[in-house]
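Chemist: Fold the following, please.
(chains A and B)
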Amino acid sequence: QQQVKQSPQSLIVQKGGISIINCAYENTAFDYFPWYQQFPGKGPALLIAIRPDVSEKKEGRFTISFNKSAKQFSLHIMDSQPGDSATYFCAASNQGGSEKLVFGKGTKLTVNP
Amino acid sequence: NAGVTQTPKFQVLKTGQSMTLQCAQDMNHNSMYWYRQDPGMGLRLIYYSASEGTTDKGEVPNGYNVSRLNKREFSLRLESAAPSQTSVYFCASTWDRGGSEQYFGPGTRLTVT
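Modeler: Numbering: from 1, shown residues only, chains lettered A, B, ... in the order given. A predicted model of the protein is given here:
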């Protein structure tokens, strides 16, 4: 049972464009929603995270939008740059319960110059 | 401060051979994790250790064993390697269960022939 569904699987964007990656979850007990960024040959690293008490969180060009009623959250990358080309994973966990993060299957983003 | 380190970086095994993947963290984290990453499958949890002295199965534990040697070290053992275990393996650690940032190591690329 896949608890976090991520789309699209791959995304190609022109430099300066907006990249949007979507995730949907099933478990209403989830209360922590991070996004991880992974460059080729490296381990994933935390990019930005949100908790359900807010609907949006922005850090520089990266924004998470969160819709609790729809059980969906998304990552928006504004003014996308070639250096943003990486694989992005959404994830979710229940901070007060399980010790585990549940990851989406990832989105490979390519930003063309 | 090295963060999370993994050894080896690369390994080729023949079917039936055994090996241990080593992981160590110097951040005094309580929880440690082993994931495997396969194309199109995202990050799948093999085993985790919520604290020193405890280990639990994740999503794909079959064919693996783990040891939480002390607070710093968490090893993953393949007793009889199979081609299906060809993958990239990541170790991660975190302060406090699922609700905080996980720090990943650089990964071990394992090929089983």
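Chemist: Now do the same contact list for the closest residue in space to residue B:56 that isn't next to it in sequence.
Modeler: Residue nearest to residue B:56 in three dimensions, not counting chain neighbours: residue B:48, with 5.8 Å by CB to CB, 6 or more residues apart in numbering or on different chains. From N, CA and C alone the C-beta is placed, and that goes for glycine too. Applying CB atoms under 8 Å, 6 or more residues apart in numbering or on different chains to residue B:48 gives the contacts A:99-100, B:31-34, B:55-56, B:58.
Chemist: Pairing partners for residue B:48 in the sheet, please.
Modeler: Note on residue B:48: beta-bridge partners by DSSP bridges are residue B:33, residue B:56.
Chemist: ok, residue B:89 to chain A distance?
Modeler: Remark: distance between residue B:89 and chain A (CB to the nearest CB, to the nearest Å) = 10 Å.
Chemist: and the nearest residue to residue B:104 once chain neighbours are set aside, what does it touch?
Modeler: Nearest non-adjacent residue to residue B:104, counting by CB to CB, 6+ apart: residue A:43, 3.2 Å away. Residue A:43 makes contact with B:4, B:90, B:92, B:104-107, according to CB under 8 Å, 6+ apart.
Chemist: okay but residue A:66 is in contact with residue A:49, surely?
Modeler: No. With contact defined as CB atoms under 8 Å, residue A:66 does not reach residue A:49; the gap is 10.6 Å.
Chemist: Mutual contacts of those two, please.
Modeler: Common neighbours of residue A:66 and residue A:49, counting by CB under 8 Å, 6+ apart, are A:33, A:57.
Chemist: coming back round to it: how far away is the residue nearest to residue B:56 from residue A:106?
Modeler: Look at residue B:48 and residue A:106: by CB to CB, to the nearest Å, they are 20 Å apart.
Chemist: likewise residue A:10?
Modeler: Plainly put, residue A:10 is 9 Å away from residue A:106 if you go by CB to CB.
Chemist: next one: residue A:88
Modeler: Using CB to CB, residue A:88 is found at 7 Å from residue A:106.
Chemist: Thank you kindly, that will do.
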